[in-house]
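Trainee: Fold the following.
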Amino acid sequence: MKKKLYSLVLAILVAGSCLADEVPALKINKSDGESAVVLSELLSIKYADSDMLVNMKDGSQMVFPLDDIIVMQLGQATTAINSIFSDKAETYVITDLQGNVVSRGKGERFTLPSQKGVYIISVGDKSRKILVK
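Mentor: The predicted structure follows:
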């Protein structure tokens, strides 16, 4: 009985922590879509000849051609799985809560598991919990 109760409480806590958060971000509308830079992860913005260079605290850099930028505005962005991917194609691993590998691959394009549940997606030294409803 106690094991079931503990399991239920753990499941509720894990599910509650999987919800996406709204965070302050710089939204960049480009001709090919929208990008969001979370302000707490932003180190600096510099301008080169024809590019805007966004330097992040983790050492990565995003480059936006100025000709592609339509509008930039401060607002709220939903934290997303893509925030753990850098510009280079990285290997990802999706595991269930028991540690079983559900999926693995390379690059930002991946398919979420088809079964409902809580999963962990890991890219390099970064991980995020995802909830599949």
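Trainee: Residue ranges in the protein under the pLDDT threshold?
Mentor: 1-22, 77-89, 108-109 (pLDDT under 70).
Trainee: hmm, try it at 90
Mentor: Residue ranges of the chain with pLDDT under 90: 1-42, 56-62, 73-94, 97-99, 103-133.
Trainee: in it, which spans are strands?
Mentor: For the chain, applying DSSP state E gives strands covering 22-30, 33-38, 42-47, 51-56, 61-65, 69-78, 91-96, 101-106, 117-123, 126-132.
Trainee: Report the distance from the longest one to the chain centre.
Mentor: What separates the centre of strand 69-78 from the centre of its chain is 17 Å, taken as CA atoms, centre = their mean, to the nearest Å.
Trainee: again with the shortest one
Mentor: With CA atoms, centre = their mean as the basis, the distance from the averaged C-alpha position of strand 61-65 to the chain average is 18 Å.
Trainee: Compute the distance from the centre of stretch 27-38 to the centre of its chain.
Mentor: For stretch 27-38, the separation from the chain centroid amounts to 14 Å (computed by CA atoms, centre = their mean).
Trainee: what's the first-to-last distance across that stretch?
Mentor: Length of stretch 27-38, first residue to last, CA to CA, to the nearest Å: 9 Å.
Trainee: What are the contacting residues of that stretch?
Mentor: Here stretch 27-38 makes contact (CB atoms under 8 Å, 6 or more residues apart in numbering) with 23-26, 54, 56, 62, 64, 68-75, 77, 79, 83. Where you see a C-beta, it was placed from the backbone N, CA and C, and this is true even at glycine.
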